[in-house]
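S.K.: Structure for this input, please:
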Amino acid sequence: MISGLDLIKRLKKVGYIATRQKGSHVRLEMYDGKKTIKLTVPLHPQLKKGTLNRIIKDAGLTLEKFQKLK
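M.R.: Numbers count the residues shown, from 1 in each chain. As a prediction, the model looks like this:
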C-alpha cells in the first residue's frame, strides 16, 4: 500500500504542484497545455485501492508509468 504523502511526492515528479490543503486533503494541479487537471489526495497512512486507482487515472497516468515514479 501507499500513503497519501508518498502519492503526492510521486505526482510532483510528473509536474503536479500542491495548491492548497484543507484538513487532511491536499489539492494538486497541473496545466497540460489544454486544461488544468485538479486532483485531491487524502493524507491517510494507507490509501484504499480504489482511491489510489482513481487518482492515478485522473492524473492521466497508467499503472505502469506510476510504478516507475518511485
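S.K.: Quick check: most distant residue from the centroid of the chain.
M.R.: What lies farthest from the middle of the chain is residue 34; by Cα atoms, centre = their mean that is 19.1 Å.
S.K.: How much space separates that one from residue 60?
M.R.: From residue 34 over to residue 60 the distance is 11 Å, taken as Cβ to Cβ, to the nearest Å. For the C-beta atoms, the positions are set from N, CA and C on the backbone; glycine is no exception.
S.K.: which residues touch the closest residue to residue 13 other than its chain neighbours?
M.R.: In space, not counting the residues next to it along the chain, residue 13 is nearest to residue 69; the distance is 5.2 Å by Cβ to Cβ, 6 or more residues apart in numbering. Remark: with contacts taken as Cβ atoms under 8 Å, 6 or more residues apart in numbering, residue 69 is in contact with 10, 13, 14.
S.K.: can you tell me which of those residues lies nearest to residue 50?
M.R.: Checking the contacts of residue 69 against residue 50 with Cβ to Cβ, the nearest one is residue 10 at 17.9 Å.
S.K.: The closest one: neighbour count?
M.R.: 19 (other Cβ atoms under 10 Å).
S.K.: Kindly report the same for residue 54.
M.R.: Taking other Cβ under 10 Å as the neighbour definition, residue 54 ends up with a count of 13.
S.K.: swap in the one 4 residues further on?
M.R.: Residue 58: 12 surrounding residues under other Cβ under 10 Å.
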